[in-house]
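Chemist: Need coordinates for the below:
(one chain, ligands or ions: 2)
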Amino acid sequence: MNYDTYGSTAVELAIDLANADRDDPAWVRSFLDSHLEWFTDGTDLSLTPPDADRVAETSTLVRDVALAGTEPDVMSRLNALLALASPRPYATDHDGELHLHYARPDADAVEQLTTTVAMGLSQVVVQHGWQRLGVCSAEGCGNVYVDTSRNASRRYCSNTCASRSTVAAYRARQRA
Ligand SMILES: [Zn+2]
Ligand SMILES: [Zn+2]
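Modeler: Ligands and ions are numbered 1, 2, ... in the order given. Just a heads-up that it's a prediction; the model follows:
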């Protein structure tokens, strides 16, 4: 998916966090390890259990925003998430491309993560509309997504889920 038009890939981090498989007891560490780009070099990624709980709470809040069905609900859930953020943006080109980071470079891992996720998500909502976040319609999926399509017509988290659902609908028609 192309997030360029959103001015920030931070929303991608938010979506990944909401869709993380939390059945694995080590999921927080695996999540941090697979998103190192967003953490200052040298950030301690071995979290205490209470810190891991805070990451889980952020994941739940992102999912709650995507599940909300009205603008007031989206706003109140987004504000609950933003209340956990401590933004202090700065410009960086650490990966060769100029972009913004949203948290203090010396903040701990949870503060960096929560702040980045809250800022990335809220930017998309306020710039592109509260309907831009959704939950996949494919049976048994439940992943959240950000809809970057021109007419906001997206219903699935991925092409895999879209084609799986098309095939299932076709089979259902054949049986009927
Ligand atoms: Zn970066
Ligand atoms: Zn899906």
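
Chemist: which residues does residue 79 contact?
Modeler: By Cβ atoms under 8 Å, 6 or more residues apart in numbering, residue 79 lies in contact with nothing. Every residue, glycine included, has its C-beta placed from N, CA and C.

Chemist: Are we agreed that it is in a helix?
Modeler: Yes: residue state for residue 79 (DSSP: H, G, I helix; E, B strand; the rest coil) corresponds to a helix.

Chemist: Number of residues surrounding residue 59?
Modeler: Residue 59: 22 surrounding residues under other Cβ atoms under 10 Å.

Chemist: what's the distance between the closest residue to it other than its chain neighbours and ligand 2?
Modeler: With Cβ to Cβ, 6 or more residues apart in numbering as the criterion, residue 59 has its nearest non-adjacent residue at 4.9 Å, and that residue is residue 17. Distance, residue 17 to ligand 2, by Cβ to the ion, to the nearest Å: 16 Å.

Chemist: so is residue 17 in a helix, a strand, or just coil?
Modeler: Assigned by three-state DSSP, the conformation of residue 17 is helix.

Chemist: doesn't residue 60 make contact with it?
Modeler: No: with contact defined as Cβ atoms under 8 Å, residue 17 does not count as touching residue 60 (9.8 Å).

Chemist: Name the residues of stretch 106-114 that are buried.
Modeler: Residues of stretch 106-114 classed as buried: 107, 109-114 (neighbour count, 16 or more other Cβ atoms under 10 Å).

Chemist: Residue 17 and residue 60: which is more packed in?
Modeler: The residue with more neighbours, out of residue 17 and residue 60, is residue 17; 25 against 13, by other Cβ under 10 Å.

Chemist: hang on, the earlier thing: what subset of the buried residues of stretch 106-114 is also close to ligand 2?
Modeler: Among those, no residue lies close to ligand 2 (Cβ under 5 Å from the ion).
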